[in-house]
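Asks: Below: sequence and its predicted model.
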Amino acid sequence: MALIRTENLTKIYGTGEAAVVALDHVNIAVEKGEFLAVMGPSGCGKSTLLHLVGGLDRPTEGRVLLDGRDLTSLRDDDLAALRRRRIGFIFQFYNLIPVLTALENAALPLLLDGVKPAEAHRRAAEWLTRLGMGDRLHHRPDQLSGGQQQRVAIARALVAEPDLILADEPTGNLDSRAGDEIAALLRRISSEWGRTILLVTHDSRVAAHADRILFMKDGRIIDETRLTGTGEEQAQALRERMEAL
Amino acid sequence: MRVQLTMALRYLRGRKLRTALTTLAVVFGVAVLFGMNALLPTMLQAFRQTVLATMGKVDLVFTSVTDGPFPADRVEAVRRLEEIAEATGSLRRNVLLPPEVASRAGVNAVTLVGVEPEVAARLRHYPLKEGRFLNAGDGNAAVISKGLAEKLALAVGDRLTLPSATGTTDLEVVGILDVPSIPGVEEVYIPLPVAQRLLGIPGQINVIEAVVKPGVDRDEVKKAALAALGDLFKAEPPEMGEELIASLRMGEVAFALFGVMALAIGAFIILNTFRTVVVERRHDLGMLRAVGASRRAVVGLMLAESLLQGLLGTAAGLAAGYGLAWVLLLTVKSVMQHYLRMEAIAPIITLPNLLTATILGIVATLAGGLWPALSARRVTPLEALRPVVPGAYERAAKKRGIVGAVLVVLAALALVTGNFNLTALGSLLFLVGLVLVAPVLVSPLARLFGRLLALIFAREGRLAEGNLARQPNRAAVTASALMVGLAMVLALAGMVTSIFDGFMSYIDHSLRADFLLMPASLVLGGGNVGAGPELVEEVREVPGVLGATTLRLGTAAVNGLTIQVIGVDPRTYPQLSGLVFRYGDPEEAFAALGRERAMIVNGVFAAQRGVRVGDVLTLQTPAGEREYRVVGVGSDYLNAKLVTAYISHANLERDFYQTADLLVMVEAAEDADMAAVQARLEKIVQKYPSFVLTEWRSFREEQERVFGQSVSLFNVIGVMFALPSLLAMVNTLTINVMERTREIGVLRAVGSTRRQIRRMVLAESLLLGALGTAFGILAGLWLGYVLVQGMNVSGFVIPYYFPYTGILVAVAVGLLIGVGAAVVPARRAARLDVVAALRYE
């Protein structure tokens, strides 16, 4: 059964002549445990898709179903609760709170959900350690490198044990080495910890780790491919595909 | 909740300077509120204790409703009552000491108490340090307090010379009392007949004191006694120094108001800071929302921050207030010990005061933080992920702008009505309206000032202007902060200018005689000793003197309100002096004074009692009820603040038994040798120690100087009000610079020099300064006008004078703040590392 399903998902910004169609009747389904990547040139609507699926924005038309439950009909507070418990976000710019330590940042969704600080910190520390950040628990974001910050953000996304991880260009702000590490981490999240991942990127090396890839252009899904090979050749194939778009 | 508190604390700690500056706004208000309210009750308490110690066993005190003298035989009416054990009449008046004695001894006045020696000794306890108390047969004998004896270096057997109705009177000190006398008042006890003679009111007393028999209900006796005395009398609680207590109370109220006002400004600063904080932290807030924080959690975070700031500021404010009370207490200690003989005291901390200051401090901060916190609700998770959509902001600004414009128009209409309450309300509407309209006005005004600025900052000015126009809301918030500060400065300046000019014109009108013989204290009331008719006659005979006119004084009551009645000579007074008339024809009015029981009332009187020309009022005079017709409304300089009626000398004598001259105005002939006239007058005055000879020009200069001092004091206060605006500007500019880090990086990358970046920020700051100043001047003129109108409504009529200097000060302060606010942000912008700035998110 699909964890996420969209039905004619449409988003139009602005009105009249200035109206821009960012998403145009998109129908996708993400199976439980699947690692799905969405690729496309900038401005193709892939980030908008991610925002709508994550309940960060509301569609102009259509529905988003999470476990069969329509997100578009939820009240703001319910959406917030959903984001705390069932969805984890990973952003391009990490988006950590600058005044909180790595541990506190990672524990944030739990703390916001009313989990006792000691328990929240314990669970956050566990995840950070798993992600190789065990020796940086009490550092503030500005004391960490980009790759390290992104690991904290990933720990934050995982700490509440959500079913769904949404990642928006998670390597866009990293050098290639750090990018590769993060991409490998995403793969681990999917295979080792069984999370469902929806990844948006235009970096074919990251997308190459996914199970399935959707190609988007002008707000529409125009193609789909399932990956079987590994590593560099897949990435190369994807690069060629992207250039064709 | 805990995570919000943690974050709030971290954010506050992360910006120590801003936190300190913003907190300071709260500290100031709480300190004034708490400190003053800890100080004044202390003084009141100390004062009461001293008073109670001297009251003896007197149960009831009666005076006439007018507080004026009455025949001594009225005491019999009380004495006859069964329930009364003892009653005595006394005559109590303040007498000014001759200036040379006063300055030497550090006492301005003594309270002369004429007593019936034997009866008085039975009613009160007079512990003697030296000598004896008065006896029935005593002539010019006096018993004085220990303190006075020390100050004047008098011992038993020495002579004390006091000014009197006939010049001076010598008294022999027969005893020295071993009591702390009534604070601030040095008492001199003399036999009643001597006092009556000295004060020029034979057969009169002004206080009846009585002791009731044991076991009798005091209130019942009071009623019976009042019935026996007639309705011209009132009973007083046996507590003296009520005036001092009343003014201390007034002080309490005034300081409380000042503190609340300071807190209100503090709340506005908090509001401003938090508005910028919300903008600055939009990204973080959006992120919180993205990872699942509810709207309430976001509001909670902002409120937690303002709560922390409130707690911090209030705690610091309480400490500062306590310190302030101590410092003030130490400052006034010597004065209090010297004049009031109150012992060293400590500030009193009462629970209500502590609670009030604490609650108000925290509530003001929370109130200031509330609106920004609520606006943080509207931050969507997406704002963390992409730049703002400017359209939404503009629409909201436009809507608010329309509301603001409506408010401004309403305010203008209120001003046109001339109704004070509406005008006052209007000034408030105007301020709020300006704050709302400001964002819409930012662009056109920025263009206007930008053109001026372009003369100096050819290239940077254009950029600065664009920066402001791009974020009109932010610019408006900053400009509003400056506006409120400058509006205060200007409103104060407007009021002070008007009072200053108003008083000067009063002086020019009503005290324009060449020479003035007047009481040293410059107040007609207060029990000054007047002069008999000989003084003015002597003055008139001086060669070169064209004429002289005198003022006399009585007190009356109208419907329970005590008023001051000034006797003038209807013929000579308008020639040598005069009143500033508001209603009625001066010539007719003075003629009427001479013809009938007519009076001219002053502005305060007219306003408080709603009196108009043509009304007939019943005055309770020492001679009974008398009907006086109001023939004009006019004021003079000395009595502008007191409820006053002017009647003729003849009527004052007939109904008030007053014939003593308290002030003599002298006009010299045009060709007279002024120096010679002055010398002659000087000689005459020497015989009348309660009078001081003043030459008009020097008097005017002296008054001008005194006023000038308070004007500069007000200017300092005004500038202090403007300081918080500087903080607000520095805040916003710094945030502006931070937000544009990447843009500044681009400018640097394409070849701008550090100097140009600095100048750009400076130009922006100057533009903001100019905007705030423009708004502030508009609002300040309005507020000032309203303040002056407010005083006029209370009857203290002064015309509104346009505060030209105030505007210059406001412009100077505004520009200074504009330059000053740019220093830190400009340096920051110029020092940005280009590469890092380009990479900035």
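Replies: Received it, and whenever you're ready, just let me know what you need.

Asks: Check whether the residue in chain B that chain A sits nearest to sits in a helix, strand or coil.
Replies: Residue nearest to chain A within chain B: residue B:292 (2.8 Å; C-beta to the nearest C-beta). In this view, the C-beta of every residue, glycine as well, is placed from N, C-alpha and C. Following DSSP: H, G, I helix; E, B strand; the rest coil, we place residue B:292 in the coil state.

Asks: Can you tell me how far the residue lying closest to it once chain neighbours are set aside is from residue B:309?
Replies: Nearest non-adjacent residue to residue B:292, counting by C-beta to C-beta, 6 or more residues apart in numbering or on different chains: residue A:84, 2.8 Å away. Applying C-beta to C-beta, to the nearest Å, the value for residue A:84 to residue B:309 is 28 Å.

Asks: can you check residue A:152 too?
Replies: Taking C-beta to C-beta as the measure, residue A:152 falls 29 Å from residue B:309.

Asks: Pull the contacting residues for the residue of chain B closest to chain A.
Replies: A:80-85, A:87, A:109, A:112-113, A:160 (C-beta atoms under 8 Å, 6 or more residues apart in numbering or on different chains).

Asks: Just the local confidence number for it, please.
Replies: With respect to pLDDT, residue B:292 scores 84.

Asks: Equivalent analysis for residue B:477, please.
Replies: Note for residue B:477: predicted pLDDT of 69.

Asks: Repeat that for residue B:707.
Replies: pLDDT, read off for residue B:707, is 69.

Asks: Could you do the one 5 residues further on as well?
Replies: Residue B:712 carries a pLDDT score of 67 in this model.

Asks: so which strand or helix has the residue nearest to residue B:292?
Replies: Assigned by DSSP states H and E, residue A:84 belongs to helix A:76-85.

Asks: show me where chain A has helices.
Replies: Here chain A has its helices, by DSSP state H, at A:46-53, A:76-85, A:102-112, A:117-130, A:146-158, A:176-191, A:204-207, A:231-244.

Asks: In this structure residue A:19 contacts residue A:10, no?
Replies: No - in this structure residue A:19 lies outside contact range of residue A:10 using C-beta atoms under 8 Å: 11.6 Å.

Asks: between those two, which one's more packed in?
Replies: Neighbour count, other C-beta atoms under 10 Å in any protein chain shown: between residue A:19 and residue A:10, residue A:10 has more, with 18 against 10.

Asks: How about that one, nearest residue that isn't a chain neighbour?
Replies: residue A:61 (3.9 Å).

Asks: Now do the contacts for the one you found.
Replies: Each residue near residue A:61 by C-beta under 8 Å, 6+ apart is listed here: A:8-10, A:25.

Asks: now residue B:216
Replies: Neighbouring residues of residue B:216 by C-beta under 8 Å, 6+ apart: residue B:83.

Asks: Next, it: secondary structure please.
Replies: Per three-state DSSP, residue B:216 ends up coil.

Asks: what comes up buried for the helix holding residue A:84?
Replies: A:79-85 (16 or more other C-beta atoms under 10 Å in any protein chain shown).

Asks: Please name the nearest non-neighbouring residue to residue B:778.
Replies: Sequence neighbours aside, residue B:434 is the residue nearest to residue B:778 in space, at 6.9 Å (criterion: C-beta to C-beta, 6+ apart).

Asks: what about that neighbour, which helix or strand?
Replies: Element membership for residue B:434 (DSSP H and E) is helix B:420-454.

Asks: Could you do residue B:112 as well?
Replies: Short version, using DSSP H and E: residue B:112 is in strand B:109-115.

Asks: so which residue of chain A comes closest to chain B?
Replies: Closest to chain B within chain A is residue A:84: 2.8 Å, counting by C-beta to the nearest C-beta.

Asks: so who does that residue touch?
Replies: Counted by C-beta under 8 Å, 6+ apart, residue A:84 has contacts A:109, A:112-113, A:160, B:291-293.

Asks: mind redoing it with 7 Å?
Replies: A:109, A:112-113, A:160, B:291-292 (C-beta atoms under 7 Å, 6 or more residues apart in numbering or on different chains).

Asks: Quick one, grab the pLDDT at the residue nearest to residue B:292.
Replies: So residue A:84 comes in at 87 (pLDDT).

Asks: same check, this time on residue B:389
Replies: pLDDT, residue B:389: 45.

Asks: what about residue A:178, how many neighbours?
Replies: Neighbour tally, residue A:178, other C-beta under 10 Å: 18.

Asks: Quick check: closest non-adjacent residue to it.
Replies: Nearest residue to residue A:178, sequence neighbours excluded (C-beta to C-beta, 6+ apart): residue A:147, at 3.3 Å.

Asks: what about that neighbour, how many residues close to it?
Replies: 20.

Asks: my guess is it contacts residue A:174, does it?
Replies: Yes - with contact defined as C-beta atoms under 7 Å, residue A:147 and residue A:174 form a contacting pair (5.7 Å).

Asks: and for the two, which residues touch both?
Replies: Overlap of the contact sets of residue A:147 and residue A:174 (by C-beta under 7 Å, 6+ apart) consists of residue A:182.

Asks: Can you tell me which residues in chain A are near chain B?
Replies: Proximity of chain A to chain B, by C-beta under 7 Å from any C-beta of the partner chain, involves residues A:51, A:56-57, A:76-77, A:80-81, A:83-84, A:89, A:91, A:93, A:95, A:97, A:99-100, A:108-109, A:111-112, A:117, A:156.

Asks: before we move on, back to that, I'd like to know how far the residue of chain B closest to chain A sits from residue B:298.
Replies: Residue B:292 is 11 Å from residue B:298, by C-beta to C-beta.

Asks: Mutual contacts of those two, please.
Replies: Joint contacts of residue B:292 and residue B:298 (C-beta under 7 Å, 6+ apart) do not exist.

Asks: Check the secondary structure at the closest residue to residue B:572 other than its chain neighbours for me.
Replies: Leaving aside its chain neighbours, residue B:572 sits nearest to residue B:549 (3.8 Å; criterion: C-beta to C-beta, 6+ apart). Following three-state DSSP, we place residue B:549 in the strand state.
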